[in-house]
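Participant: pasting the structure only:
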Ligand code: URA
């Protein structure tokens, strides 16, 4: 017997957390009866429907892409802009794990495994994400220290981060640096830079956990090896209680 939200996530249509919302909204039925109880146990042979559509267990697939700029991390776009999912040739109903902005490039995982996606994006797991950031202006040493300690954004304090300055160009007043954060809030990097009055002019995710796309052109993607999926789970689990970044 498995919990209803887990069964829905296993079908690849959504994450477990979103499945919970669907259940409480009354969009889920088991054997024709609407179930709004979270944790309802599904038996073998039970028919689970979401919005009237029967769900089935899908094969799990995991891709890593070097997301190109000018692509959306939503499943479709009201302005018909290209989506990352449309770049991948596969039958499964995959979705991007977390969001990179339209103008952000770099490491992006796509999967139909809601459980796995949750481990990668949930802040509890502290999976480090490193961005190559280019900003207008010179990033002051004092700002770096504050950024590393944590700053108060409108949605709360950021967790400790790590900054490695690559280049300070005093002639054109631009700074390039690598920023490692442990969370993945909406527009977090841009908001952290705005906090100090800097506009981000270029943003590329260099790594997600140990995963990198240095050897891939923008728009390229590949299936993750089973061992890589295992290792990502392991890395996420190891960060679960610590929330520390290596110096
Ligand atoms: N932070 C941002 O501001 N944008 C991204 O795309 C990713 C992290």
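Facilitator: That came in fine, so what should we check first? Worth saying up front: this structure is predicted, and the values here are computed from it rather than measured.
Participant: If we ignore the residues flanking it in sequence, what's nearest the most centrally placed residue in the chain?
Facilitator: Geometric centre of the chain, nearest residue: residue 98, 2.3 Å, by CA atoms, centre = their mean. What sits nearest to residue 98 in space, not counting adjacent residues and going by CB to CB, 6 or more residues apart in numbering, is residue 121, at 4.3 Å. From N, CA and C alone the C-beta is placed, and that goes for glycine too.
Participant: mind checking pLDDT for the one you found?
Facilitator: pLDDT for residue 121: 88.
Participant: repeat for residue 241
Facilitator: The model's pLDDT for residue 241 equals 53.
Participant: so what does the longest helix belonging to the chain touch, helix or strand wise?
Facilitator: Criterion DSSP state H: the longest helix present in the chain is helix 226-238. In this structure, helix 226-238 packs against helix 114-121, with contacts taken as 3 or more CB pairs under 8 Å, 6 or more residues apart in numbering; DSSP states H and E.
Participant: The residue sitting furthest away from the middle of the chain and the ligand: what is the separation?
Facilitator: Distance from the C-alpha centroid of the chain, by CA atoms, centre = their mean, peaks at residue 171 (35.8 Å). Using CB to the nearest ligand atom, to the nearest Å, we find residue 171 at a distance of 26 Å from the ligand.
Participant: mind starting the numbering at 669 from now?
Facilitator: New numbering, starting at 669: the last item is residue 839.
Participant: confidence score at that residue?
Facilitator: In this model, residue 839 carries a pLDDT of 97.
Participant: what does the one 3 residues further on give?
Facilitator: Per-residue confidence at residue 842 stands at 98 (pLDDT).
Participant: hey, what's it bridged with?
Facilitator: According to DSSP bridges, the partner residues bridging residue 842 are residue 804, residue 837.
Participant: low-scoring pLDDT stretches of this protein, where are they?
Facilitator: Applying pLDDT under 70 to the chain picks out residues 908-915.
Participant: Quick one: the helices in it, in order.
Facilitator: Under DSSP H, the chain gives helices at 672-678, 684-692, 782-789, 809-817, 856-863, 894-906.
Participant: residues contacting residue 769?
Facilitator: Taking CB atoms under 8 Å, 6 or more residues apart in numbering, we find residue 769 in contact with 741, 855, 858, 871.
Participant: ok, the nearest residue to the last one once chain neighbours are set aside - contacts?
Facilitator: Nearest residue to residue 871, sequence neighbours excluded (CB to CB, 6+ apart): residue 772, at 4.5 Å. Applying CB under 8 Å, 6+ apart, we find residue 772 in contact with 735, 737, 871-873.
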